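Enquirer: any chance you can model this:
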Amino acid sequence: MNHSPHSRSRADAAGRAPESEGSIDIGLVVAAHGRHCLVESPDGQRRICHPRGKKSQAVVGDRVRWMPTGDEGSIEQIEPRNNLFYRQDELRTKSFAANLDQVLVLLAAEPEFSEHQLARALVAAEAEGIAPLIVLNKADLGTLFERAWDRLAPYRAMGLTVLPLRLKGEDDASSGLDALVQRLEGKTTLVLGPSGVGKSTLVNRLVPQAQAQTGEISRALNSGKHTTTSTTWYWVDTARTTALIDSPGFQEFGLNHIEATRLASLMPDLRAALGACRFYNCTHLHEPGCGVRAKVQGEGCGDDGIAATRYRIYEDLFAELSAKRSY
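Expert: Sure, this is the predicted structure:
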């Protein structure tokens with residue numbers, strides 16, 4: 001099994017030889033609620049930890065140096081991150097998780113998915129150098145699935161991995177679950193998706209003890225709520241090399257942390273045409289000699305073209321990011 005450098009460093013921190021520096025230990029943040037975190041030691045033990053003072057907030061996936069204080073602990077330092085997946089609107093920043101290998105965006109043939117929401121998640125992942133994986137569930141819905149699959153043609157054409165899935169039923173091979181598991185092995189994957197697409201079903205299929213773990217975490221952090229109210233880390237295998245991070249469903253996904261002028265470079269289909277513009281500061285909206293607009297084609301895509309739907313999303317996002325207020 002191949003492991004990325006990111007995977008190796010987290011696996012070592014979470015499940016191999018303990019690291020210590022005096023009375024300071026290394027741990028992995030596996031859940032967070034408010035300012036409280038659940039930190040897993042290299043031996044698999046978990047305990048509640050609190051940040052000391054007003055230091056920066058730890059998020060799920062962070063490696064932290066912590067010090068025992070009775071049955072709990074205090075977080076002394078957050079180790080440098082490889083990446084941080086987050087969204088930002090005018091009012092606040094929401095961090096999902098750190099040190100990811102990939103983001104799995106789970107969609108379904110029904111309810112109909114928002115391409116704008118999908119594009120936002122993909123842009124946020126691209127900005128942090130995190131590989132995206134798109135999975136379309138409910139392959140048993142026939143015509144509805146075919147229509148949804150066709151809508152994802154531009155994403156396949158730009159080189160993204162798009163997998164079909166049928167979580168209804170138990171046959172992992174024909175359902176597409178086996179193919180998905182191969183994409184998850186040895187990696188840390190954040191699972192994103194709107195409500196109703198089967199996210200909880202997927203997590204429970206891959207991690208049979210997930211519900212019990214979630215209950216324990218909820219009680220430990222005294223959140224008083226269940227399942228998807230907070231982001232949670234699950235080990236898929238006993239060797240603790242493959243991890244899933246389940247996050248609350250997203251309805252709004254702000255990109256205020258992205259500059260409008262950077263947007264085209266974060267959309268692979270547009271990025272491929274950037275070198276052909278007449279002007280170096282082209283916005284790809286109205287300038288003559290624009291290489292991006294010259295590539296815009298019909299609703300489908302292929303032959304290095306840009307689907308009209310994708311270009312409209314670019315126009316909308318560019319207008320939104322250009323109008324954002326300064327902080």
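
Enquirer: tell me where the longest strand sits in this structure.
Expert: As assigned by DSSP state E, the longest strand anywhere in the chain is strand 24-33.

Enquirer: show me where pLDDT drops low in the stretch 201-327 of the chain?
Expert: The stretch 201-327 of the chain contains residues with pLDDT under 70 at 212-215, 218-229, 249-250, 298-303, 324-327.

Enquirer: shaky segments in the stretch 1-150 of the chain?
Expert: 1-22, 54-56.

Enquirer: now do the helices in it.
Expert: Remark: helices assigned in the stretch 1-150 of the chain by DSSP state H, counting those that start in this stretch are 5-15, 115-127, 143-151.

Enquirer: what's the domain layout of the protein?
Expert: 5-78, 84-246, 260-323 (automatic domain parsing).

Enquirer: could you tell me how far the longest strand of the chain lies from the centre of the chain?
Expert: 19 Å (CA atoms, centre = their mean, to the nearest Å).

Enquirer: cool, and stretch 123-142?
Expert: From the chain centre to the centre of stretch 123-142 is a distance of 9 Å (CA atoms, centre = their mean).

Enquirer: what's the answer for stretch 29-48, then?
Expert: Relative to its chain's centre, stretch 29-48 lies at 20 Å (CA atoms, centre = their mean).

Enquirer: list the buried ones in it?
Expert: Judged by neighbour count (16 or more other CB atoms under 10 Å), stretch 29-48 contains these buried residues: 29-33, 36-42, 46-48. Where C-beta positions appear, they are placed from N, C-alpha and C, glycine not excepted.

Enquirer: with only the CA atoms kept, save it in PDB.
Expert: Coordinates of the C-alpha atoms in stretch 29-48 are reproduced here as PDB (Å, rounded to 0.1, in the frame of the first residue of the first chain):
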ATOM      1  CA  VAL A  29      -7.300  15.800  17.600                       C
ATOM      2  CA  VAL A  30     -10.100  13.400  16.800                       C
ATOM      3  CA  ALA A  31     -13.100  15.600  17.800                       C
ATOM      4  CA  ALA A  32     -13.700  19.200  18.800                       C
ATOM      5  CA  HIS A  33     -16.600  21.000  20.400                       C
ATOM      6  CA  GLY A  34     -16.200  24.700  21.200                       C
ATOM      7  CA  ARG A  35     -12.800  25.100  22.800                       C
ATOM      8  CA  HIS A  36     -12.700  21.500  24.000                       C
ATOM      9  CA  CYS A  37     -10.900  18.800  22.000                       C
ATOM     10  CA  LEU A  38     -10.700  15.000  22.300                       C
ATOM     11  CA  VAL A  39      -7.000  14.100  21.800                       C
ATOM     12  CA  GLU A  40      -5.800  10.600  21.000                       C
ATOM     13  CA  SER A  41      -2.500   9.400  22.300                       C
ATOM     14  CA  PRO A  42      -0.200   7.100  20.300                       C
ATOM     15  CA  ASP A  43      -1.400   4.200  22.400                       C
ATOM     16  CA  GLY A  44      -5.000   4.900  21.300                       C
ATOM     17  CA  GLN A  45      -6.100   6.400  24.600                       C
ATOM     18  CA  ARG A  46      -8.400   9.500  24.300                       C
ATOM     19  CA  ARG A  47      -8.900  12.300  26.700                       C
ATOM     20  CA  ILE A  48     -10.400  15.800  26.800                       C
END
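
Enquirer: continuing past the one helix or strand S174 maps to, what's the next helix or strand?
Expert: Using DSSP states H and E, S174 sits in helix 172-175. Next helix or strand after helix 172-175 toward the C-terminus (DSSP H and E): helix 177-184.

Enquirer: and the contacts of that next one?
Expert: The contact list for helix 177-184 (CB atoms under 8 Å, 6 or more residues apart in numbering) reads 102, 104, 133, 135, 161, 163, 165, 167, 172, 205-206, 236, 242, 244.

Enquirer: quick check on those: which are buried?
Expert: 102, 104, 133, 135, 163, 165, 167, 205-206, 236, 242, 244.

Enquirer: distance to I24 added to the contacts of helix 177-184, as a markdown table?
Expert: Listed next are these as a markdown table, based on distance: CB to CB, whole Å:
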| residue | distance to I24 |
| --- | --- |
| Q102 | 31 |
| L104 | 34 |
| L133 | 36 |
| V135 | 40 |
| T161 | 40 |
| L163 | 42 |
| L165 | 43 |
| L167 | 43 |
| D172 | 43 |
| R205 | 38 |
| L206 | 34 |
| V236 | 29 |
| T242 | 28 |
| L244 | 29 |
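
Enquirer: out of the residues you listed, which is nearest to I258?
Expert: Q102 (19.6 Å; CB to CB).

Enquirer: thought the closest one was touching V191?
Expert: No - here Q102 lies out of contact with V191, judged by CB atoms under 8 Å, at a distance of 10.0 Å.
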